[in-house]
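**Q** Can you look at this prediction? I've put the sequence above it.
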Amino acid sequence: MSGGGNAVDDGKSKTRVRRWFARWRRGRFVPLPVSRPEWFIMRLLFAAVVFHSFLDWKPFTYDSQPRPTGIAKLLPLTFLNHEAAFAISKTIAGVFLAIYLTGFRTALLVSLPVLTLGSTLVRSFANSQGFTHHGYQIVTLTLLAQTAVVWYVSIWEWRRGERWRFAPGVTLSSYLAYYSQGVILATYVIAALTKIIKSKGLWVANARYICIELVKSNRTMYYKSLDPELAGTPAVAVWLLKHPLLATVFFGAGFLLELCALAGLRDRGWAFLTGVALIVMHRVIMLTMGLTFHYNEALLAIFLLNVPFWLIWLGTRGRRPHQPL
Amino acid sequence: MSAAPTTAPPPPPAPDAGGHWFGRLRRHAIYPVVLFVVASSIIRENYPFSHFPMYARPSSKPLSYTYLADGDGQPLPLLYYTGLTPSRMTKKFGHHRGKYEKGGELGEAEIDARSGSDVLDYVRRMNAKRPTRPLPDHIQLIKVVISYGEGEFIETPIAVAGNP
């Protein structure tokens, strides 16, 4: 006879898992103290990435918006086709990024909305041509997250007439870093949820068919410039076609990583590991499908890997109480 | 985000102290991130928001892509002539197809032909911005359908439209 004993064992296992999960998350997933040098380096590197994103001249060559998206549905963005628009856009980005770099509250209040709006206008126009590109989303979303944080705190202080009381050691910079990490990781969770919804829960089971996507990606890359090195069918696509179980395991691992990406918010150690895993995932995608997400990788390196923090932490560990991880 | 209390001690309760789980989540710093995930999934494709639908529906059904060819069917380097990529051109082809499909009156071949014609018009307009790289007098849009064979992929090219 069975049933009762198994039910009790199952119940004990579930309780153990729940307890482990509760211990694992208790007191974590909160903004951590961020030192001034650390936050300055993050800001500097992020500003470099944002400025680079404003150097793309292609959107300014389009003379119409046949398929408006986002703000382009409300406001025609064809004014960006003006011959001076690209130069003006770059200049505004450069000036306001310099203001952003100062790090003062007022500077952030002014620069972040301008940069967010500029990025949104240009990329909305680019995505209104009938083909959508997701490579720049993460830059604009990080700008938006930082804008929301600094404005939320400032409006709260203005309405209450008092300063926001941060936890010991925590500052506004901690919140800016935390929600930058949060929005970056959230994009992966959104992608995973969309996979579940669109495939009706069968994405992992059907992942073995992604091999045909590899062929399509290869062909579209080949016909871009007729590069002879890209002619022929990619060997990895044929291999995956002939090994469907391994293909399922391989892509299933990537899917699980996306779904659990918010684990990177637990603490600095998990942020580092999650960042590394996601960068490796992007590198594998680049090698197998030829798709590049340079901005994703850059922001993962800046806000999740956060190498400057680890160098500072290792260098000061013996000399003063080091920051909590 | 939740603010510290405005009066002196006691400090606010730890985010995951007692109470209903949703109440605890609402007081937690991660709550805005969770809201963003939900909001983006609902707002979908409105920049900067997106539900990131890439490769979200793998299936055994055939896929297709398009490339540009001359009058003899020889492929042309699309990026060189127009600044576009075949990936973007294929997406544009798909968007035009969606527009014609909504009418519900045209057959598949006619939808492909009209969509292909629209795309080639767009290709000519993009090429016009590159006067030193003129396209051949006659160009074609080739649609290739990729399907599964026995341990291999089968590709079937079809010329869907020509310009002129």
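**A** The structure has been received and is ready for your questions. Residues are numbered from 1 along each chain as shown, chains lettered A, B, ... in the order given.

**Q** hang on, residue A:129 packs against residue A:68?
**A** No: Residue A:129 lies out of contact with residue A:68 (Cβ atoms under 8 Å); the separation is 9.8 Å. For the C-beta atoms, the positions are set from N, CA and C on the backbone; glycine is no exception.

**Q** Name the residue in those two with the higher neighbour count.
**A** Taking other Cβ atoms under 10 Å in any protein chain shown, residue A:129 and residue A:68 do not tie; residue A:129 has more neighbours (24 against 19).

**Q** who touches that one in this structure?
**A** Taking Cβ atoms under 8 Å, 6 or more residues apart in numbering or on different chains, we find residue A:129 in contact with A:62, A:65, A:66, A:67, B:88, B:92.

**Q** For it, which three-state class applies?
**A** Following DSSP: H, G, I helix; E, B strand; the rest coil, residue A:129 is assigned to coil.

**Q** Okay, now the unreliable bits of the stretch 101-250 of chain A?
**A** By pLDDT under 70, the stretch 101-250 of chain A has no low-scoring segment.

**Q** Would you state the helices of it in chain order?
**A** A:105-126, A:137-160, A:172-198, A:203-206, A:211-225, A:235-242, A:244-259 (DSSP state H, counting those that start in this stretch).

**Q** hang on, the earlier thing: can you flag the buried ones in the contacts of residue A:129?
**A** Using 16 or more other Cβ atoms under 10 Å in any protein chain shown as the burial test, the contacts of residue A:129 include A:62, A:65, A:67, B:88, B:92 as buried.

**Q** hang on, the earlier thing: return the most buried member of the helices of the stretch 101-250 of chain A.
**A** helix A:172-198 (a mean of 23; mean count of other Cβ atoms under 10 Å in any protein chain shown).

**Q** close to chain B, is the helix or strand residue A:47 falls within?
**A** Using DSSP states H and E, residue A:47 maps to helix A:36-53. No: using Cβ under 8 Å from any Cβ of the partner chain, we find that helix A:36-53 stays clear of chain B, coming within 11.7 Å at best.

**Q** got the residues of the stretch 201-325 of chain A near chain B?
**A** Within the stretch 201-325 of chain A, the positions lying close to chain B (Cβ under 8 Å from any Cβ) are A:203, A:206-210, A:212-213, A:215-217, A:219-221, A:223-226, A:233, A:237-238, A:241-242, A:262, A:265.

**Q** and if we set it to 6 Å?
**A** Contacts of the stretch 201-325 of chain A with chain B, taken as Cβ under 6 Å from any Cβ of the partner chain, map to A:206-207, A:209-210, A:212-213, A:215-216, A:219-220, A:223-226, A:242.

**Q** which one of these sits closest to residue A:277?
**A** Set against residue A:277, the nearest of these by Cβ to Cβ is residue A:207 (17.7 Å).

**Q** Just the buried residues of the helix or strand bottoming out on mean pLDDT in chain B, please?
**A** Lowest mean confidence among the helices and strands of chain B (mean pLDDT, DSSP states H and E): helix B:21-27, at a mean of 88. Using 16+ other Cβ under 10 Å as the test for burial, helix B:21-27 gives B:24, B:27.

**Q** Confirm residue B:65 sits in a helix?
**A** No: using three-state DSSP, the secondary structure at residue B:65 is strand, not a helix.

**Q** tally of neighbours for the closest residue to it other than its chain neighbours?
**A** Excluding its sequence neighbours, the residue lying closest to residue B:65 (Cβ to Cβ, 6 or more residues apart in numbering or on different chains) is residue B:90, at 4.8 Å. By other Cβ under 10 Å, 24 other residues sit near residue B:90.

**Q** go on, residue A:90?
**A** Burial measure for residue A:90: 15 neighbouring residues, criterion other Cβ under 10 Å.

**Q** Please name the spatially closest residue to it (chain neighbours excluded).
**A** Using Cβ to Cβ, 6+ apart, the closest residue to residue A:90 is residue A:54 (5.6 Å).

**Q** With residue B:30 instead?
**A** Residue B:30 sits nearest to residue A:29 (Cβ to Cβ, 6+ apart), 5.0 Å away.

**Q** next one: residue A:128
**A** Closest residue to residue A:128 apart from its sequence neighbours, by Cβ to Cβ, 6+ apart: residue A:65 at 3.8 Å.

**Q** cool, residue B:39 as well?
**A** Nearest non-adjacent residue to residue B:39 (Cβ to Cβ, 6+ apart): residue B:49, at 7.2 Å.

**Q** quick one, what contacts the residue nearest to residue A:90?
**A** Applying Cβ atoms under 6 Å, 6 or more residues apart in numbering or on different chains to residue A:54 gives the contacts A:89, A:90, A:93.

**Q** Try it again at 10 Å.
**A** Counting by Cβ atoms under 10 Å, 6 or more residues apart in numbering or on different chains, residue A:54 touches A:86, A:89-94, A:97, A:115, A:118-119, A:122, A:136, A:139.
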